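K.L.:
fold the following for me, if possible:
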Amino acid sequence: MPAKEFKVGITIPKKFCNAVLRNYYKRQLKAIVHELNVYDMNCHFVMIIRKDFLDASYESKLENTRKLMKKIKNER
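P.N.:
Residues are numbered from 1 along each chain as shown. Predicted coordinates:
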């Protein structure tokens, strides 16, 4: 059932890094979501970030997130 608006929650486990870096990675992922402009999807997401994603470059994160959003759009 689709939601009325787009929402995303980003979670990074404490064991991966300290609070400053967790906030940095959250801001980075929010910027990627904003850059992809997926606000028309009308879904609620919770993204649980894994260690290998944190270690990747920005371009790699952008491409992986783009593929994920495309896959979700195609399944709807």
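K.L.:
how near is V46 to I10?
P.N.:
8 Å (Cβ to Cβ, to the nearest Å). C-betas here are computed from N, CA, C, even on glycine.
K.L.:
okay, the two: which has more neighbours?
P.N.:
I10 (17 against 9; other Cβ atoms under 10 Å).
K.L.:
identify the bridge partners of that one.
P.N.:
Note on I10: beta-bridge partners by DSSP bridges are M47.
K.L.:
got the contact list for it?
P.N.:
By Cβ atoms under 8 Å, 6 or more residues apart in numbering, the contact list for I10 reads 26, 29-30, 46-47, 49.
K.L.:
ok, which pair from those residues is furthest apart?
P.N.:
K30 and V46 (13.7 Å; Cβ to Cβ).
K.L.:
intersection of neighbour lists for those two?
P.N.:
By Cβ under 8 Å, 6+ apart, K30 and V46 have these common neighbours: 8, 10.
K.L.:
in this protein, where is pLDDT below threshold?
P.N.:
The chain contains residues with pLDDT under 70 at 1-2, 76.
K.L.:
that one: helices as residue ranges?
P.N.:
Per DSSP state H, the chain carries helices over the ranges 19-36, 51-55, 58-75.
K.L.:
just to revisit the earlier point, let me know the closest of the contacts of I10 to F16.
P.N.:
I49 (7.8 Å).
K.L.:
now that closest one, nearest residue through space, not along the chain?
P.N.:
Spatial nearest neighbour of I49, excluding adjacent residues (Cβ to Cβ, 6 or more residues apart in numbering): I12 at 4.7 Å.
K.L.:
if I pick the one you found, what's in contact with it?
P.N.:
22, 25-26, 49, 54.
K.L.:
pick out the most distant pair among those.
P.N.:
Largest separation among these by Cβ to Cβ: K26 and L54, giving 10.8 Å.
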